[in-house]
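# okay, sequence plus prediction incoming.
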Amino acid sequence: MADTHREDPRPLELAFPGPERDRGVTAIKDGTKTALTGLLEIYRHAGEALPQAGRRYSVLDSQGRSAVMIELTEVRVVPMNEIDDGFARAEGRGYADAAQWRSAHEDFFRSAGVAEFLGHTPTVDGDTLVVAQRFRVVEGS
């Protein structure tokens, strides 16, 4: 079994290039973002393995350049309705609570960009499975 700490970091792109990605990268670098969420259906559609704790990622900016390196400290697959206020705030996007987090993520997961990638608009509700990840910055802060 490989030591994930010694493997080359994989690239990680937040959302889509542009202001939303740039705000996310800035929030990671300034320490306000210590969690991220992915739609499980996107991982499955892309044929990607689920992330694992200990894995490092090079977070890319909107120009495709490495901006900061993170290491996952926790990965859980949970229904959206199990995301709590603490995790919502750790996303670093200014969510006051899980209800705001859920509303924003429902909108994003139903967005035209996600629908284009998946080939359909996904059904998103409280039972929708997400990949909830916590991380720490290991380089580039």
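Thanks, I have the structure now.
# can you tell me the strand partners of the strand ranked longest in the chain and which way each runs?
Within the chain, and with DSSP state E defining each element, the longest strand by residue count is strand 66-79. The partner list of strand 66-79 in its sheet, established with DSSP bridges, is strand 56-60 (antiparallel), strand 129-139 (antiparallel).
# so what touches the longest one?
Outside of strand 129-139, the residues within contact range by Cβ atoms under 8 Å, 6 or more residues apart in numbering are 28-29, 31, 34-41, 43, 50-51, 56-57, 68-80, 83, 87, 90, 105. Bear in mind the C-beta positions are built from the backbone N, C-alpha and C, glycine included.
# can you tell me which of those residues are buried?
Using 16 or more other Cβ atoms under 10 Å as the burial test, these include 28, 34-41, 43, 51, 56-57, 68-72, 75, 78, 80, 83, 87, 90, 105 as buried.
# where along this structure do the helices fall?
If you assign secondary structure with DSSP state H, the helices in the chain sit at 19-29, 40-46, 85-90, 98-109, 112-118.
# dump those to a markdown table, plus distance to Val138 and mean pLDDT.
Output for the helices of the chain, formatted as a markdown table (distance: least, Cβ to Cβ, whole Å; pLDDT from 0 to 100):
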| stretch | distance to Val138 | mean pLDDT |
| --- | --- | --- |
| helix 19-29 | 11 | 94 |
| helix 40-46 | 23 | 97 |
| helix 85-90 | 17 | 97 |
| helix 98-109 | 25 | 96 |
| helix 112-118 | 29 | 95 |
